[in-house]
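> Pasting the sequence and the predicted model now:
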Amino acid sequence: MSEARHLDTRSADFTAQLAVLTRFEAALDETVERTVADILADVHLRGDAAVVDYTNCFDNQSVTSIAELTIPPEELARAHGGLPAAQRQALDAAAQRIRLFHEHQQAGSWSYVEEDGTRLGQQVTPLERVGLYVPGGKAAYPSSVLMNALPAKVAGVGELIMVVPTPGGERNPLVLAAAHVARVDRVYAIGGAQAIGALAYGTQSVRQVDKIVGPGNAYVAAAKRRVFGVVGIDMIAGPSEILIIADETANPDWVAMDLFSQAEHDELA
């Protein structure tokens, strides 16, 4: 077993050592950008056909239409009902707490009239349609569904479209159950830059959205950056990081669980 590396902030070469560990390869970044640009252009041009082709290629599938990648509400409900009782209760409890928090956070419209008759104020209007990207590669993220879908529903968004990759056609029941709990309107089993392109430009089957939210790998982040302006986005998420400060009194099980929460992410994310 290899030993963990130790970096000491008091060392003269600490900054240099840290820079080596955190440096992102520029060549890889350029490759990602070129690949994403090509995928987005193809989706914009060919619509459904391009999305199907990339899904078959990257997710090891053999579908012929977006209809085969559409996950109906009945399947979401079955996934929720089929969960072990403890998981279903945990999911429902999390959803209730998230919804309550955002109900308190909700902003409202207001106005007032000055003495000269001028009316001033703030008008808060929900977006008509929002796209939610949910990662689905090496791990399942039902939390991403709840934490992005529920605020949108509380805000009054008219339609919420979720996209989630299903490598090998495997659909995670927790993710589908979370979509049911959050009352997501449409779900497609697509991911990657092609999913971002479908949401941003619209295709013959996928309706164009006003905003795209949700995390993803380097290709998803690059795609969101490129379509910003065509649609709104939440943010360009950088690499996920975690800092654990612990001494000899720390519970090793808790420290290990914190480390696992980081290890589940894509190496480039």
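Sure, I can see it. As the structure is a prediction and not an experimental result, all values here were calculated from the model.
> For residue 140, pull up the helix or strand it's in.
Counting by DSSP states H and E, no helix or strand carries residue 140.
> Does it touch residue 177 like I think?
No - between residue 140 and residue 177 there is no contact under C-beta atoms under 8 Å: 10.5 Å. C-beta coordinates here come from the backbone N, C-alpha and C atoms, glycine included.
> The two: who's more crowded?
residue 177 (25 against 21; other C-beta atoms under 10 Å).
> just checking, that one touches residue 142?
Yes - at 7.0 Å, residue 177 counts as touching residue 142 under the criterion of C-beta under 8 Å.
> shared neighbours of those two, which are they?
Common contacts of residue 177 and residue 142 (C-beta atoms under 8 Å, 6 or more residues apart in numbering): residue 91.
> Residue 170 and residue 59, how far apart?
Using C-beta to C-beta, to the nearest Å, residue 170 is found at 9 Å from residue 59.
> more neighbours, those two?
Comparing residue 170 with residue 59 by other C-beta under 10 Å, the one with more neighbours is residue 59, at 22 against 12.
> Tell me which residues touch that one, please.
165, 166, 167, 168, 169, 190, 191.
> And for residue 29?
residue 218.
> That one sits in which helix or strand?
Counting by DSSP H and E, residue 29 is found in helix 26-46.
> And residue 135, by the same measure?
Judged by DSSP H and E, residue 135 forms part of no helix or strand.
> Would you confirm that it contacts residue 218?
No - with contact defined as C-beta under 8 Å, residue 135 does not reach residue 218; the gap is 11.9 Å.
> give me the number of residues near the residue nearest to residue 47 when sequence neighbours are not counted?
Once flanking residues are discounted, residue 47 sits nearest to residue 203: 3.7 Å by C-beta to C-beta, 6 or more residues apart in numbering. The burial count assigned to residue 203 is 21, neighbours taken as other C-beta under 10 Å.
> Using the three-state scheme, assign residue 203.
coil (DSSP: H, G, I helix; E, B strand; the rest coil).
> coming back round to it: of the contacts of residue 59, which belong to strands?
With DSSP state E as the criterion, strands contain none of the contacts of residue 59.
> Any quick ChimeraX command for the buried ones out of these?
Of the contacts of residue 59, the buried ones can be selected in ChimeraX as follows, counting by 16 or more other C-beta atoms under 10 Å:
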select :165,166,190,191
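> And the pLDDT at residue 6?
Per-residue confidence for residue 6 comes out at a pLDDT of 85.
> Could you number the chain from 16 rather than 1 from now on?
Shifting the count to begin at 16 puts that one at residue 21.
> measure the most centrally placed residue in the chain to residue 247 for me?
The residue lying closest to the centre of the chain (C-alpha atoms, centre = their mean) is residue 229, at 2.6 Å. Using C-beta to C-beta, residue 229 is found at 13 Å from residue 247.
> cool, and residue 143?
12 Å.
> cool, residue 141 as well?
13 Å.
> Quick one: distance of stretch 65-82 to the chain centre.
20 Å (C-alpha atoms, centre = their mean, to the nearest Å).
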